[in-house]
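No letters, just coordinates:
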């Protein structure tokens, strides 16, 4: 066990206190009951529960414990960089630069070994090249439509989104890591839009 | 991989939609910036981050991946039973009965295999007898004082709590699974109360 005094534990607590700010970062998605916008901290919790409950949708090369760690960490950079709604307009390379700068600062609050360990997990998620990262990314794209279907449209209404745009920006990503979940979502999204016309 | 159609995935999604309600369950603890009360969903996320960052405070028999799963699930019953502030007055056996009933209903939304798997994790946490459960419980008691120290006292002020009561109701529990964290918190709590007199 680590020592209790000195700077190591102080650094760990400073990081955890800083992380509290993610509870104030608002997303474009609403809660299922339509009462308010979701924040990135509770969204991250919800995604870890998605990973636990939908683990049977992951391919055999996916490490669910790693997926959960990715999802715990994935939005921390939004403390500095904010949330970029998927249907909003933003410069992707500018956003990525901001997020890298945020990762430097926020993970940099930690003792060096922890800083590096957690940064590696976050970078793997961001790169979306490994099966675990692809599954984690798919869950991150799958949860907002599930919320929108409950809340009466949520960000689809706010951003005046078409069904085709959802296929392009969301479906294509869900399908990479969790193809059955996209099949499931696609049918329900089709019914939602059919009911509105 | 599981099938996409039929009732299994519908049940999984119904559970995940129900879990969204935890974002509306308010706790007695405030955010570090004192802006509002914390909800149990974002609290659960914060605790999973505590587990990742403070894993070096766990004894050798602790399984951190299991701790994280416990922390993801630990407050779900509050959707029905509400949060019981540690310094509030409530009948413990009545509260436990309510939480068992809530667990029956909420985990009962899942397919049977998942219902049983997740219930077992929650029951292990509740029983607080294994090293992993004791560490998870210690983190659950350690985070609120860390928030209170940042927010200017938070629930200690609201409930007019003495330093001795914190030692009795919080410290004794933190010390079981994470003794060094209690040593760390105790010193900072002493300084906080000394500054107030």
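Arrived safely, thanks for sending. Being a predicted model, the structure only gives us computed values, none of them experimental. Numbers count the residues shown, from 1 in each chain, chains lettered A, B, ... in the order given.

So what touches stretch A:148-159?
By Cβ atoms under 8 Å, 6 or more residues apart in numbering or on different chains, the surrounding residues in contact with stretch A:148-159 are A:28-34, A:85-88, A:144, A:147, A:161, A:166, A:188-189, A:192, A:196, B:17, B:20. All C-beta atoms are positioned from the backbone trio N, CA, C, and that covers glycine.

Please flag which of those residues sit within helices.
A:144, A:147, A:166, A:188, A:189, A:192, A:196, B:17 (DSSP state H).

Give me the buried subset of these.
The neighbour count (16 or more other Cβ atoms under 10 Å in any protein chain shown) marks A:144, A:147, A:166, A:189, A:192 as buried among the ones in helices among the contacts of stretch A:148-159.

Looking at the ones in helices among the contacts of stretch A:148-159, which is nearest residue B:62?
Relative to residue B:62, the closest of the ones in helices among the contacts of stretch A:148-159 is residue B:17; by Cβ to Cβ it sits at 32.4 Å.

Thought residue A:146 was touching that closest one, still the case?
Yes: between residue B:17 and residue A:146 a contact is recorded at 6.8 Å, counting by Cβ atoms under 8 Å.

rewinding a little: need the worst-confidence member of the ones in helices among the contacts of stretch A:148-159.
For these, the weakest pLDDT value sits at residue A:196, with 88.

excluding its backbone neighbours, what's nearest it?
residue A:153 (7.9 Å; Cβ to Cβ, 6 or more residues apart in numbering or on different chains).

The one you found - that's part of a helix, no?
No: applying DSSP: H, G, I helix; E, B strand; the rest coil, one finds residue A:153 to be coil, outside a helix.

Dihedrals phi and psi, it?
Here is the backbone geometry of residue A:153 (degrees, to the nearest 10): phi 120, psi -30.

Quick one: neighbours of it, just the number.
For residue A:153, the neighbour count with other Cβ atoms under 10 Å in any protein chain shown is 16.

give the contact list for residue A:174.
By Cβ under 8 Å, 6+ apart, the contact set of residue A:174 is A:138, A:141, A:142, A:181, A:182, A:185.

could you redo the last one with a cut-off of 6 Å?
Taking Cβ atoms under 6 Å, 6 or more residues apart in numbering or on different chains, we find residue A:174 in contact with A:138, A:141, A:142, A:181, A:182.

what kind of secondary structure is the last one in?
Translated: residue A:182. Residue A:182 - assigned by three-state DSSP - is helix.

wouldn't it be in contact with residue A:175 here?
Yes: with contact defined as Cβ atoms under 6 Å, residue A:182 and residue A:175 form a contacting pair (4.3 Å).

neighbour count winner among these two?
More crowded of residue A:182 and residue A:175, by other Cβ under 10 Å: residue A:182, with 24 against 18.

now that one: how far from chain B?
9 Å (Cβ to the nearest Cβ, to the nearest Å).

what's near enough to touch that residue?
By Cβ under 6 Å, 6+ apart, the residues touching residue A:182 are A:171, A:174, A:175.

what about the second one, helix or strand, and which?
Looking back up the chat, that one is residue A:174. Secondary structure assigned from DSSP states H and E places residue A:174 in helix A:172-177.

Please identify the buried residues of stretch A:18-28?
Quick answer for stretch A:18-28 (16+ other Cβ under 10 Å): A:18, A:19, A:20, A:21, A:22, A:23, A:24, A:25, A:27, A:28.

Could you work out the end-to-end span of it for me?
In stretch A:18-28, first residue to last residue: 22 Å (Cα to Cα, to the nearest Å).

what does that stretch contact?
The contact list for stretch A:18-28, computed with Cβ under 6 Å, 6+ apart, reads A:37-41, A:43, A:78-79, A:83, A:85, A:109, A:155, B:31-32, B:42, B:49.

In strands only, show me these.
A:37, A:38, A:39 (DSSP state E).

Can you say which of those are buried?
Of those, these count as buried by 16+ other Cβ under 10 Å: A:38, A:39.

where does chain A come near chain B, residue by residue?
A:2, A:4, A:9, A:12, A:16-17, A:19-20, A:23, A:31-32, A:41-42, A:44-45, A:48-50, A:53, A:56, A:65, A:72, A:150, A:180, A:183-184 (Cβ under 6 Å from any Cβ of the partner chain).

got the buried residues for stretch A:45-64?
A:45-58, A:62, A:64.

er, stretch A:69-78 I mean
For stretch A:69-78, burial by neighbour count (16+ other Cβ under 10 Å) applies to A:69, A:70, A:71, A:72, A:73, A:74, A:75, A:76, A:77, A:78.

Turn those residues into a markdown table, including pLDDT and secondary structure.
Output for the buried residues of stretch A:69-78, formatted as a markdown table (pLDDT from 0 to 100; DSSP: H, G, I helix; E, B strand; the rest coil):
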| residue | pLDDT | secondary structure |
| --- | --- | --- |
| A:69 | 98 | helix |
| A:70 | 98 | helix |
| A:71 | 98 | helix |
| A:72 | 98 | helix |
| A:73 | 98 | helix |
| A:74 | 98 | coil |
| A:75 | 98 | coil |
| A:76 | 98 | coil |
| A:77 | 98 | coil |
| A:78 | 97 | helix |
